[in-house]
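# predicted model and sequence below, questions to follow.
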Amino acid sequence: MARYTGPKTKIARKFGEAIFGDDKAFEKRNYPPGQHGNNRRRGKKSEYAIQLMEKQKAKYTYGILEKQFRNMFKKATAAQGITGEVLLQLCESRLDNVAYRMGLSPSRSGARQLVSHRHITVNGGIVNIPSYQLKAGDVVAVREKSKSLESIENSLANSSTVFEWITWNNDTKHGTYVSVPERIQIPENINEQFIVELYSK
(Lines give C-alpha, C1' and ligand atoms only; values in the text may rest on other atoms or scores of the structure.)
Protein backbone atom coordinates (compact mmCIF):
# COMPACT_ATOMS: atom_id res chain seq x y z
CA MET A 1 0.00 0.00 0.00
CA ALA A 2 1.54 3.30 -1.09
CA ARG A 3 2.15 5.86 1.62
CA TYR A 4 4.91 8.12 2.93
CA THR A 5 7.12 6.30 5.46
CA GLY A 6 10.07 8.69 5.71
CA PRO A 7 11.15 10.98 8.58
CA LYS A 8 8.14 13.02 9.70
CA THR A 9 9.92 15.65 11.79
CA LYS A 10 12.06 16.65 8.80
CA ILE A 11 8.91 17.23 6.73
CA ALA A 12 7.26 19.18 9.55
CA ARG A 13 10.39 21.39 9.84
CA LYS A 14 10.28 22.01 6.09
CA PHE A 15 6.79 23.52 6.41
CA GLY A 16 7.44 25.21 9.75
CA GLU A 17 4.52 23.55 11.52
CA ALA A 18 3.78 20.20 13.19
CA ILE A 19 1.53 18.85 10.41
CA PHE A 20 1.71 15.27 11.74
CA GLY A 21 0.52 16.19 15.26
CA ASP A 22 2.47 16.67 18.50
CA ASP A 23 6.18 16.31 17.88
CA LYS A 24 8.77 16.98 20.61
CA ALA A 25 11.67 16.86 18.13
CA PHE A 26 9.96 19.53 16.01
CA GLU A 27 9.46 21.77 19.05
CA LYS A 28 13.21 21.64 19.75
CA ARG A 29 14.21 22.48 16.17
CA ASN A 30 11.32 24.29 14.49
CA TYR A 31 13.45 25.74 11.70
CA PRO A 32 13.97 24.28 8.20
CA PRO A 33 16.25 21.22 7.88
CA GLY A 34 19.65 21.53 6.24
CA GLN A 35 23.36 21.41 6.92
CA HIS A 36 23.66 24.96 8.27
CA GLY A 37 20.48 24.92 10.30
CA ASN A 38 19.00 28.26 11.24
CA ASN A 39 22.00 30.27 10.02
CA ARG A 40 21.50 29.45 6.36
CA ARG A 41 20.47 32.43 4.26
CA ARG A 42 17.29 31.65 2.43
CA GLY A 43 16.35 33.65 -0.65
CA LYS A 44 12.85 34.81 -1.44
CA LYS A 45 10.69 31.97 -2.75
CA SER A 46 9.19 32.18 -6.23
CA GLU A 47 5.43 32.06 -6.74
CA TYR A 48 5.77 28.51 -8.08
CA ALA A 49 7.78 27.41 -5.02
CA ILE A 50 5.10 28.79 -2.67
CA GLN A 51 2.32 27.02 -4.60
CA LEU A 52 4.29 23.75 -4.68
CA MET A 53 4.96 23.93 -0.92
CA GLU A 54 1.26 24.38 -0.24
CA LYS A 55 0.36 21.35 -2.37
CA GLN A 56 3.02 19.22 -0.66
CA LYS A 57 1.82 20.37 2.77
CA ALA A 58 -1.74 19.27 1.93
CA LYS A 59 -0.54 15.91 0.59
CA TYR A 60 1.62 15.15 3.65
CA THR A 61 -1.06 16.39 6.08
CA TYR A 62 -3.71 14.02 4.71
CA GLY A 63 -1.27 11.22 3.77
CA ILE A 64 -2.13 11.25 0.06
CA LEU A 65 0.33 10.58 -2.76
CA GLU A 66 0.55 12.62 -5.98
CA LYS A 67 -1.56 10.47 -8.31
CA GLN A 68 -4.42 10.20 -5.82
CA PHE A 69 -4.22 13.91 -5.02
CA ARG A 70 -4.30 14.87 -8.70
CA ASN A 71 -7.37 12.63 -9.22
CA MET A 72 -9.06 14.32 -6.26
CA PHE A 73 -8.31 17.71 -7.82
CA LYS A 74 -9.93 16.59 -11.10
CA LYS A 75 -12.97 15.45 -9.13
CA ALA A 76 -13.08 18.80 -7.28
CA THR A 77 -12.83 20.71 -10.58
CA ALA A 78 -15.80 18.80 -12.01
CA ALA A 79 -17.91 19.34 -8.88
CA GLN A 80 -20.05 22.38 -8.14
CA GLY A 81 -18.62 24.98 -5.79
CA ILE A 82 -15.20 26.54 -5.20
CA THR A 83 -12.57 24.06 -6.43
CA GLY A 84 -10.09 24.56 -3.57
CA GLU A 85 -12.79 24.26 -0.95
CA VAL A 86 -14.24 21.10 -2.56
CA LEU A 87 -10.71 19.61 -2.68
CA LEU A 88 -10.26 20.03 1.07
CA GLN A 89 -13.78 18.68 1.68
CA LEU A 90 -12.87 15.55 -0.32
CA CYS A 91 -9.73 15.16 1.84
CA GLU A 92 -11.82 15.55 5.01
CA SER A 93 -14.40 12.99 3.77
CA ARG A 94 -11.82 10.19 3.54
CA LEU A 95 -12.53 7.36 5.99
CA ASP A 96 -9.03 7.44 7.54
CA ASN A 97 -9.37 11.19 8.18
CA VAL A 98 -12.84 10.87 9.75
CA ALA A 99 -11.59 8.03 12.00
CA TYR A 100 -8.76 10.36 13.06
CA ARG A 101 -11.18 13.25 13.66
CA MET A 102 -13.38 10.96 15.78
CA GLY A 103 -10.39 10.37 18.05
CA LEU A 104 -9.85 6.69 17.25
CA SER A 105 -6.16 7.37 16.68
CA PRO A 106 -3.83 10.26 17.63
CA SER A 107 -2.55 10.45 14.03
CA ARG A 108 -3.91 10.03 10.51
CA SER A 109 -1.36 7.29 9.76
CA GLY A 110 -2.62 5.39 12.84
CA ALA A 111 -6.22 5.83 11.69
CA ARG A 112 -5.21 4.62 8.23
CA GLN A 113 -3.79 1.45 9.81
CA LEU A 114 -7.00 0.84 11.80
CA VAL A 115 -8.99 1.03 8.57
CA SER A 116 -6.68 -1.22 6.53
CA HIS A 117 -6.54 -3.79 9.37
CA ARG A 118 -10.35 -4.09 9.23
CA HIS A 119 -11.14 -2.54 12.62
CA ILE A 120 -13.60 0.02 11.23
CA THR A 121 -17.11 -0.40 9.82
CA VAL A 122 -19.23 1.95 7.71
CA ASN A 123 -23.02 1.53 7.93
CA GLY A 124 -22.47 -1.89 9.53
CA GLY A 125 -20.07 -3.34 6.95
CA ILE A 126 -16.28 -3.60 7.25
CA VAL A 127 -14.43 -1.15 4.98
CA ASN A 128 -10.65 -1.51 4.70
CA ILE A 129 -10.00 1.24 2.14
CA PRO A 130 -8.52 4.36 3.85
CA SER A 131 -9.46 6.60 0.89
CA TYR A 132 -13.14 5.50 0.99
CA GLN A 133 -15.25 8.65 0.53
CA LEU A 134 -17.93 9.04 3.18
CA LYS A 135 -21.27 10.69 2.46
CA ALA A 136 -23.33 12.78 4.88
CA GLY A 137 -25.23 10.46 7.22
CA ASP A 138 -22.77 7.54 7.04
CA VAL A 139 -22.28 5.77 10.38
CA VAL A 140 -18.67 4.94 11.27
CA ALA A 141 -18.02 2.49 14.11
CA VAL A 142 -15.36 0.32 15.68
CA ARG A 143 -15.89 -3.33 14.76
CA GLU A 144 -17.34 -5.37 17.65
CA LYS A 145 -14.22 -7.56 18.02
CA SER A 146 -11.95 -4.48 18.06
CA LYS A 147 -13.78 -2.40 20.69
CA SER A 148 -11.39 -3.47 23.44
CA LEU A 149 -8.22 -2.57 21.49
CA GLU A 150 -5.87 -0.74 23.86
CA SER A 151 -4.68 1.73 21.21
CA ILE A 152 -8.27 2.83 20.49
CA GLU A 153 -9.14 3.06 24.22
CA ASN A 154 -6.05 5.19 24.93
CA SER A 155 -6.64 7.47 21.97
CA LEU A 156 -10.30 8.07 22.88
CA ALA A 157 -9.33 8.75 26.50
CA ASN A 158 -6.91 11.48 25.39
CA SER A 159 -9.16 12.95 22.71
CA SER A 160 -11.11 16.08 23.62
CA THR A 161 -11.56 17.91 20.30
CA VAL A 162 -15.14 18.15 19.06
CA PHE A 163 -15.96 18.78 15.40
CA GLU A 164 -19.35 20.19 14.43
CA TRP A 165 -19.78 17.92 11.40
CA ILE A 166 -19.15 14.68 13.32
CA THR A 167 -20.96 13.02 16.23
CA TRP A 168 -19.32 10.34 18.38
CA ASN A 169 -20.61 8.10 21.18
CA ASN A 170 -17.82 6.79 23.41
CA ASP A 171 -19.99 4.11 25.02
CA THR A 172 -21.15 2.43 21.81
CA LYS A 173 -17.98 3.43 19.89
CA HIS A 174 -19.82 4.64 16.86
CA GLY A 175 -20.39 8.03 15.30
CA THR A 176 -21.95 9.75 12.33
CA TYR A 177 -20.42 11.80 9.55
CA VAL A 178 -23.24 14.32 9.81
CA SER A 179 -22.33 16.67 6.96
CA VAL A 180 -19.53 17.79 4.67
CA PRO A 181 -17.59 20.45 6.63
CA GLU A 182 -17.57 24.08 5.48
CA ARG A 183 -14.12 25.52 4.77
CA ILE A 184 -14.31 27.70 7.89
CA GLN A 185 -14.77 24.54 10.02
CA ILE A 186 -11.67 22.75 8.69
CA PRO A 187 -8.82 23.56 11.11
CA GLU A 188 -5.91 22.74 8.76
CA ASN A 189 -3.64 25.67 7.88
CA ILE A 190 -3.68 25.15 4.11
CA ASN A 191 -4.06 27.83 1.44
CA GLU A 192 -6.04 25.81 -1.09
CA GLN A 193 -6.05 28.67 -3.62
CA PHE A 194 -2.30 28.16 -4.21
CA ILE A 195 -2.95 24.48 -5.01
CA VAL A 196 -5.66 25.44 -7.53
CA GLU A 197 -3.29 27.97 -9.16
CA LEU A 198 -0.51 25.34 -9.37
CA TYR A 199 -2.67 22.69 -11.04
CA SER A 200 -4.25 25.26 -13.36
CA LYS A 201 -0.90 26.13 -14.99
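Received, thanks.

# wait, what's in contact with Ile152?
Ile152 is in contact with Leu104, Ser105, Leu114, His119, Val142, Ser146, Lys173, counting by C-beta atoms under 8 Å, 6 or more residues apart in numbering. C-beta: built from backbone N, CA, C; applies to glycine.

# which pair of those residues spans the longest distance?
The most widely separated members of the contacts of Ile152 are Ser105 and Lys173, with 13.1 Å between them, by C-beta to C-beta.

# and these two? Which one has more around it.
Taking neighbours as other C-beta atoms under 10 Å, Ser105 and Lys173 compare with Ser105 leading, 24 against 21.

# by mean pLDDT, which helix or strand of this protein comes out lowest?
Least confident helix or strand of the chain, by mean pLDDT, DSSP states H and E, is helix 24-28 with a mean of 53.

# next one: the helix or strand following that one to chain centre, how far?
Using DSSP states H and E, the helix or strand that follows helix 24-28 in sequence is helix 47-62. Put simply, helix 47-62 sits 14 Å off its chain's centre (C-alpha atoms, centre = their mean, to the nearest Å).

# and Ser107, how far is that from Glu47?
Using C-beta to C-beta, to the nearest Å, one gets 32 Å for the distance from Ser107 to Glu47.

# run through the residues that contact the spatially most central residue of the chain.
By C-alpha atoms, centre = their mean, the chain has its centre lying nearest to Tyr62, at 2.9 Å. When contacts are counted by C-beta under 8 Å, 6+ apart, Tyr62 touches Cys91, Arg94, Asn97, Arg108.

# need those in JSON lines (columns: secondary structure, pLDDT and neighbour count).
JSON lines is the format used below for the contacts of Tyr62 (DSSP: H, G, I helix; E, B strand; the rest coil; pLDDT from 0 to 100; neighbours: other C-beta atoms under 10 Å):
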{"residue": "Cys91", "secondary structure": "helix", "pLDDT": "97", "neighbour count": "23"}
{"residue": "Arg94", "secondary structure": "strand", "pLDDT": "97", "neighbour count": "25"}
{"residue": "Asn97", "secondary structure": "helix", "pLDDT": "96", "neighbour count": "22"}
{"residue": "Arg108", "secondary structure": "helix", "pLDDT": "92", "neighbour count": "23"}
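
# identify the farthest-apart pair in those.
Cys91 and Arg108 (10.2 Å).

# what is in contact with these two at once?
Tyr62, Asn97.

# any chance you could map the strands in this protein?
120-122, 125-126, 138-142, 166-169, 174-177 (DSSP state E).

# what's the closest of the ones you listed to Tyr132?
Closest of these to Tyr132 is strand 120-122, at 6.9 Å (criterion: C-beta to C-beta).

# output the contacting helices and strands for the closest one.
When contacts are defined as 3 or more C-beta pairs under 8 Å, 6 or more residues apart in numbering; DSSP states H and E, strand 120-122 packs onto helix 95-101, strand 138-142.

# what stretches of this structure score poorly on pLDDT?
In the predicted model, the chain carries pLDDT under 70 at residues 1-43.

# please consider this matter closed, and thank you.
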